[in-house]
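[1] How does the following fold in three dimensions:
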Amino acid sequence: MRTERVIDLISRLRGRANECIAAELARLNHPGLVPSHGAILAALYALGAQPMSSLAETIGRRKNTVTALVRKLKAAGYVSTRRDAQDSRVTLVALTRKGEALRTDFDAVSRALLTRTWGGMDASRREALVAGLEELLHNLA
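    Residues are numbered from 1 along each chain as shown. Next comes the predicted model:
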């Protein structure tokens, strides 16, 4: 097996996954969303409102990247921002009603992507692949 292709394969996998997500979002009539919004929405669904810096740490992105993504989500009406009452330097990000209403479609897109991604791969191979990818990520930290 040609293991030197690992980064290329990961990159191509991400590209194809993003294409699938974008197609599903378009099919479900969510034109203001792009795949890069997914991690932010997932974090807010799981953890609720969060400071911008915590959100960046949770999803493993730089704060300025998260700020730009949140700005777009806010413009599309999926999240709101406000200053923290105890510390005006902190910006809190929360889901709006529109953001909460998206949860059903968000979960459907996620399930469809995972179903397509895993195909017929058995559970032990899935677990081994994820463990290997986690090790690669750790190695590059």
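
[2] Could you say which helix or strand holds residue 81?
    Assessed by DSSP states H and E, residue 81 sits inside strand 79-83.

[3] packing partners for that strand?
    The contact analysis (3 or more Cβ pairs under 8 Å, 6 or more residues apart in numbering; DSSP states H and E) places strand 79-83 against helix 63-75, strand 91-95. Heads up, the C-betas are built off the backbone N, CA and C, glycines and all.

[4] Outside of it itself, list whatever touches it.
    Here strand 79-83 makes contact (Cβ atoms under 8 Å, 6 or more residues apart in numbering) with 40, 44, 52, 70, 73-74, 90-96, 99.

[5] hmm, 10 Å instead?
    Strand 79-83 is contacted by residues 37, 40-41, 44, 49, 52, 55, 67, 69-74, 89-99 when judged by Cβ atoms under 10 Å, 6 or more residues apart in numbering.

[6] can you check stretch 85-103 too?
    Against stretch 85-103 from outside (Cβ under 10 Å, 6+ apart): 25, 28, 30, 32-33, 37, 40-41, 43-45, 48-55, 63, 66-67, 69-70, 73-74, 76-84, 106, 109.

[7] Report the buried residues of that stretch.
    By 16 or more other Cβ atoms under 10 Å, the buried positions in stretch 85-103 come out as 91, 92, 93, 95, 99, 102.

[8] Show the average pLDDT along that stretch.
    Averaged over stretch 85-103, pLDDT sits at 94.

[9] Tell me the spatial nearest neighbour of residue 117, not counting adjacent residues.
    Leaving out its chain neighbours, the residue that sits closest to residue 117 by Cβ to Cβ, 6 or more residues apart in numbering is residue 17, at 6.8 Å.

[10] Is the one you found in contact with residue 36, as I believe?
    No - between residue 17 and residue 36 there is no contact under Cβ atoms under 10 Å: 11.7 Å.

[11] quick one: contacts for the residue positioned nearest the centre of the chain?
    The residue lying closest to the centre of the chain (Cα atoms, centre = their mean) is residue 39, at 2.0 Å. Shown in contact with residue 39 (Cβ under 10 Å, 6+ apart): 55, 58, 59, 60, 61, 66, 69.

[12] Of the residues you listed, which is the nearest to residue 130?
    Closest approach between the contacts of residue 39 and residue 130, by Cβ to Cβ: residue 60, at 15.8 Å.
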